[in-house]
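Peer 1: Here is a sequence together with a model predicted from it:
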Amino acid sequence: MAHSWGWPALFLLGAYHGINPGMGWLFAVAVGMQQNSAQAVVYSLVPIALGHALAIGVAVLIGALLQIVLPLLYLKIAVGAALVALGVYRVVRSHHFRWGGMQMGFRELAIWSFLMASAHGAGLMVLPLVLTLPPMPAAHHAHMGRFGDPLTAILATLVHTIGYLTLTGAVALVVYQSLGLALLRKAWLNFDLVWAVALIATGCFAWII
Amino acid sequence: MPLWRPDPTFYPSPKMAMQAPPEKLAFVAMLNANNNGRPDALGVVDVEPESSGYSHIVGQLDMPNPGDELHHFGWNACSACLCPYAPHPHVERRYLVVPGIRSSRIHIIDTKPDPRRPEIVKVIEPETLATRAGYASPHTIHCGPEGIYASALGSPDGDGPGGIFVMDQDSFDVLGQWELDRGSQYLAYDFWWHLGYDTVITSEWGTPKMVQNGVNPDILLKSGYGHKLHVWDSRKRRRVQELDLGSEYQMALELRPAHDPTRAYGFLGVVVSLKDLSASIWLWHRNNGKWGVQKIIDIPAEPAEPEQLPPLLQGFKAVPPLITDINLSLDDRFLYVSCFGTGEFLQYDVSDPFHPKKTGSFHLGGIVRRATHPKHPKTALNGGPQMVEVSRDGRRAYFTNSLYAPWDAQFYPEGIRSWMVKVNVNPQGGMQLDPQFFVDFGDLRGHQVRLEGGDASSDSYCYA
């Protein structure tokens, strides 16, 4: 079934990724503090968002390729199983991501963001939503699958990234300019746990759509 | 179990950590230097003034084997877990990693169920450390963003090179040697880092063979002990620069980098100069991408009659100050300096790190002075100010008086009677001994002090 609510859902999922301190905004704040510059916060958001978009794009691309060889039902089952497995793994083994340092340039920051998002299964989490999207009219006429339509794939990545960047950028700037990092001590919920649950939930979601 | 919210003892910045509540307990490494087959211990000292146990050892955990020589130790996790590139703030500051510098055995001690009754949950045997990392005589422990880091004086055969190894933060497994390219670095002692600059600094003492039988005058007079700092790229794990103080400066020990991650400088204590037995404090700093080092404080030796001196020093007719530990408050403002020889304890305002100002000084113990404590004004004390720890809020400092068993015996041959004292600090500078606080360690000797919840040398920060 194709649902048009897939688009706003993609945006919201991006926002959810963006609000996670480990997924980007905290790094932007750290760069700003290290260089004592609000501009540095904004500049660092560019590679961070780019890396995140790349992680989503790669997952969507892999999904598209798989759809060429797999019937949609099988793909849903496979994506769901992968999500549930990753979620359970993250509950059982709280292995944390470790790569990088504080002095990273544009390229390294983008790689960091890509790896961070990929390690957390951010792209995989987006796949079930992309599966619900209605195909673009052009693709419909060509009888292509949703993934087979490159426009949908690019748009999906874009919408998700805009949601991500809106939140991560807003939080980074507000925290840097006024709130300060003291809020981390109370408000930094264990996103790894929430995240694992979200992975499992979207996995189940992939099965029922 | 992972926590739902960050460990409340983790603070993003040193400034925020200064708002932390006062510590109630202190953990102290207690050495058994009596050769009586009894082990060393970890002591728990009550440091809460309102408590009935104030200034007493309220808990003691004996090690499973004799002869470890407990020395320095550290936490499994700290504020570095909040660093943005490897964030995992939902682990607990709970386990103390306590190595024996002589045995090379590492104890993992759980302080959680009851901090007054800590328990050993894991022991890493020297063979494991040797096989996994090729090192022996583990020394400094620091919790880092990616794991637990430790320095080691040398290799399992007692020679060099010494260096750094890494332990897994969850399993405490020794993961291996940290260095990928050490260049000419051979001697090791302390290490710490500038997280904001992806830079590690290491210092030099001597290999296990050079130190375990005491100061060797032959090595010393040939300038054989360490006199260099090494600067490392922490991501490439490669030494990038060597800073030589000059060979007359012997034993470059404690490293205290600025806590603020944007400040690229730090302080080093040097035990003795061969020229005049003085001790010194050095400042390393970064300038245009290169690191440099310069002397900022000189503390001269004090003349003394030979009969007042131990055999090692009689020919010199002087007491060397012997700076054996330093500590820096979390606001990078006050530097504390222990002079194990003369018994002097000093405080400097280092707000301008290039131009330190002396803001406080008193004596306790000392080779000649034997200065007394206000709680027992008639009892001459020996040993001298040594391992010093500063509270997170900067209002209190604690120190003990034992250095290292083979060296204690050379400078205080009559045998050290060990104690721990507390110093109350005036926020604007100046300090006084707390007249109520004096811990007598009996037939054990107190060494490093760690404060419950963290202190001024336990945590590193990624945010200014």
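Peer 2: The structure has been received and is ready for your questions. Numbers count the residues shown, from 1 in each chain, chains lettered A, B, ... in the order given.
Peer 1: can you list the weak-confidence ranges in chain A?
Peer 2: Along chain A, segments meeting pLDDT under 70 span A:1-3, A:94-95, A:134-148, A:209.
Peer 1: At the contact with chain B, which residues of it appear?
Peer 2: Contact residues (C-beta under 8 Å from any C-beta of the partner chain) of chain A with chain B: A:21-22, A:26-27, A:29-30, A:33-34, A:36, A:94-104, A:112, A:181-182, A:184-186, A:188-190, A:192-193. Where C-beta positions appear, they are placed from N, C-alpha and C, glycine not excepted.
Peer 1: mind running it again at 7 Å?
Peer 2: Counting by C-beta under 7 Å from any C-beta of the partner chain, the residues of chain A close to chain B are A:21-22, A:26-27, A:30, A:33-34, A:36, A:94, A:96-98, A:100-103, A:112, A:181-182, A:184-186, A:188-190, A:192-193.
Peer 1: Any idea how many residues pack against the closest residue to B:Met387 other than its chain neighbours?
Peer 2: Ranked by C-beta to C-beta, 6 or more residues apart in numbering or on different chains and with sequence neighbours excluded, the top spatial neighbour of B:Met387 is B:Gln448, at 4.6 Å. Counted with other C-beta atoms under 10 Å in any protein chain shown, residues neighbouring B:Gln448 total 23.
Peer 1: what about B:Gln448, which helix or strand?
Peer 2: Take DSSP states H and E as the rule and B:Gln448 turns out to sit in strand B:445-451.
Peer 1: Which neighbouring elements make contact with that strand?
Peer 2: Under the contact criterion of 3 or more C-beta pairs under 7 Å, 6 or more residues apart in numbering or on different chains; DSSP states H and E, strand B:445-451 touches strand B:25-31, strand B:388-390, strand B:396-400.
Peer 1: And these: which comes nearest B:Phe362?
Peer 2: Nearest to B:Phe362 among those is strand B:396-400 (11.4 Å), distances taken as C-beta to C-beta.
Peer 1: Quick check: next helix or strand after that closest one?
Peer 2: Once strand B:396-400 ends, the next helix or strand along the chain (criterion: DSSP H and E) is helix B:405-411.
Peer 1: mean confidence for that next one?
Peer 2: In this model, helix B:405-411 has an average pLDDT of 94.
Peer 1: how far is that helix from where the chain is centred?
Peer 2: Computed by C-alpha atoms, centre = their mean, to the nearest Å, the chain-centroid distance of helix B:405-411 equals 18 Å.
Peer 1: now do stretch A:73-91
Peer 2: The chain centroid and the centroid of stretch A:73-91 are separated by 16 Å, computed with C-alpha atoms, centre = their mean.
Peer 1: For residue 97, give me its contacts.
Peer 2: Since you didn't name a chain, this refers to chain A. When contacts are counted by C-beta atoms under 7 Å, 6 or more residues apart in numbering or on different chains, A:Phe97 is found next to A:Met116, A:Ala119, B:Ala86.
Peer 1: other chain: chain B
Peer 2: Residues in contact with B:Val97 (C-beta under 7 Å, 6+ apart) are B:Phe73, B:Gly74, B:Asn76, B:Ile106, B:Ile108, B:Ile141, B:Ile148.
Peer 1: Spatially nearest residue to residue 177 (excluding sequence neighbours)?
Peer 2: Picking chain A for this. Across the structure, with C-beta to C-beta, 6+ apart as the measure, the residue nearest A:Gln177 apart from its sequence neighbours is A:Ala38 (6.5 Å).
Peer 1: if you could check chain B rather than the one you did, that'd help
Peer 2: Excluding the flanking residues, the one nearest B:Gln177 by C-beta to C-beta, 6+ apart is B:Ala133, at 4.9 Å.
Peer 1: Could I get the contacting residues of the residue sitting nearest the centre point of chain A?
Peer 2: The residue lying closest to the centre of chain A (C-alpha atoms, centre = their mean) is A:Ala122, at 4.0 Å. The neighbours of A:Ala122, taking C-beta under 7 Å, 6+ apart as the test, are A:His17, A:Ala55, A:Ile56.
Peer 1: most surrounded residue in those residues?
Peer 2: Each of the contacts of A:Ala122 was scored for neighbours by other C-beta under 10 Å, and A:Ile56 scores highest at 31 neighbours.
Peer 1: which SS state does that residue fall under?
Peer 2: Reducing the assignment at A:Ile56 to three states with DSSP: H, G, I helix; E, B strand; the rest coil gives helix.
Peer 1: how near is it to A:Ile200?
Peer 2: The spacing between A:Ile56 and A:Ile200, counted by C-beta to C-beta, to the nearest Å, is 19 Å.
Peer 1: Which strand residues bridge B:His297?
Peer 2: To be clear, residue B:297 is Ile; His isn't right here. Here B:Ile297 sits in beta bridges with B:Ile281, going by DSSP bridges.
Peer 1: Kindly report the same for B:Leu96.
Peer 2: When bridges are taken as DSSP bridges, the partners of B:Leu96 come out as B:Trp75, B:Ile109.
Peer 1: residues near the closest residue to A:Leu183 other than its chain neighbours, how many?
Peer 2: Nearest non-adjacent residue to A:Leu183, counting by C-beta to C-beta, 6+ apart: A:Val175, 7.1 Å away. A:Val175 is flanked by 21 other residues according to other C-beta under 10 Å.
Peer 1: same check, this time on B:Pro145
Peer 2: By the measure other C-beta under 10 Å, the count of residues near B:Pro145 is 27.
Peer 1: That one and B:Ala80 touch, don't they?
Peer 2: Yes - contact criterion C-beta atoms under 7 Å: B:Pro145 and B:Ala80 qualify, at 4.8 Å.
Peer 1: if we can go back for a sec, surely the residue nearest to B:Met387 is in contact with B:Leu70?
Peer 2: No - taking contact to mean C-beta under 7 Å, the distance of 8.2 Å between B:Gln448 and B:Leu70 leaves them out of contact.
Peer 1: Tell me the residues that contact both of the two, please.
Peer 2: Shared contacts of B:Gln448 and B:Leu70, defined by C-beta under 7 Å, 6+ apart, comprise B:Ala29.
Peer 1: Would you convert the helices and strands packed on strand B:445-451 into a markdown table that also reports distance to chain A?
Peer 2: Shown next, in a markdown table, are the helices and strands packed on strand B:445-451 (distance: least, C-beta to the nearest C-beta, whole Å):
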| stretch | distance to chain A |
| --- | --- |
| strand B:25-31 | 22 |
| strand B:388-390 | 22 |
| strand B:396-400 | 23 |
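Peer 1: Any chance of TSV for the ones you listed, columns mean pLDDT and mean neighbour count?
Peer 2: Output for those, formatted as TSV (pLDDT from 0 to 100; neighbours: other C-beta atoms under 10 Å in any protein chain shown):
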stretch	mean pLDDT	mean neighbour count
strand B:25-31	98	26
strand B:388-390	98	24
strand B:396-400	98	26
